[in-house]
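Q: what would the 3D arrangement of this be:
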Amino acid sequence: MDFSNVNFLAVLVAALASFAIGSLWYSPLMFGKGWQKAVNLSDEDIKNSNMVKTFGLSFVLMFIMALGLALLFKGHNNNETTWLVGLVHGLFVGGFFVATSYGVNMLYQLKPFKLWIIDAGYQVLLLGVMGMIIGAW
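A: Presented below is the predicted three-dimensional model:
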């Protein structure tokens, strides 16, 4: 695996952007309350959780996701990637792989369709944004 064409600053910024989008996406301003209800978590459950662990590991996983996306289309040829190519690749991966995988899991876990829309929608969006950032860099 060739890491020489990967811009790690772009990967870091993409992970940070995704983390920021998630903070808004899952906030009470957007889908936070609907998500909380769909996963059956009370305010008390969330208050008593280890948020440092949750946020810290989430960021690490988002960084790994951004790195994987960078390797997918920047690890081979840096000259052909633009913000648009990155966006399309990110949306492709998000829509055809991540969202469908979430859907299969949620079907077997008997989770509501609304949860799939919230979680899969976030993943498609964040991968599109990650791809756009990495492609633009």
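
Q: C-alpha only now, for contacts and for neighbours.
A: Fine.

Q: tell me the pLDDT of the residue lying closest to G32 once chain neighbours are set aside.
A: Computed as Cα to Cα, 6 or more residues apart in numbering, the closest residue to G32 that is not its neighbour in sequence is Y26, at 4.0 Å. pLDDT for Y26: 97.

Q: count of residues packed around Y26?
A: Y26 has 18 neighbours, counted by other Cα atoms under 10 Å.

Q: would you mind measuring from it to H89?
A: Here Y26 is placed at a distance of 24 Å from H89 (Cα to Cα, to the nearest Å).

Q: likewise for V129?
A: Distance, V129 to H89, by Cα to Cα: 10 Å.

Q: so what's S49 up against?
A: S49 sits next to no residue when contact means Cα atoms under 8 Å, 6 or more residues apart in numbering.

Q: phi first, then psi, for it.
A: Here is the backbone geometry of S49 (degrees, to the nearest 10): phi -80, psi 160.

Q: which SSE is L107 in?
A: helix 99-108 (DSSP states H and E).

Q: what's the answer for I64, then?
A: Assigned by DSSP H and E, I64 belongs to helix 51-73.

Q: what residues of that helix count as buried?
A: 59, 62-63, 65-67, 69-73 (16 or more other Cα atoms under 10 Å).

Q: what's it packed up against?
A: If you count contacts as 3 or more Cα pairs under 8 Å, 6 or more residues apart in numbering; DSSP states H and E, helix 51-73 packs onto helix 8-25, helix 83-93, helix 113-136.

Q: I'd like these written out as CSV, with distance to T54 and mean neighbour count added.
A: Converted to CSV, the helices and strands packed on helix 51-73 look like this (distance: least, Cα to Cα, whole Å; neighbours: other Cα atoms under 10 Å):
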stretch, distance to T54, mean neighbour count
helix 8-25, 12, 18
helix 83-93, 24, 21
helix 113-136, 16, 22
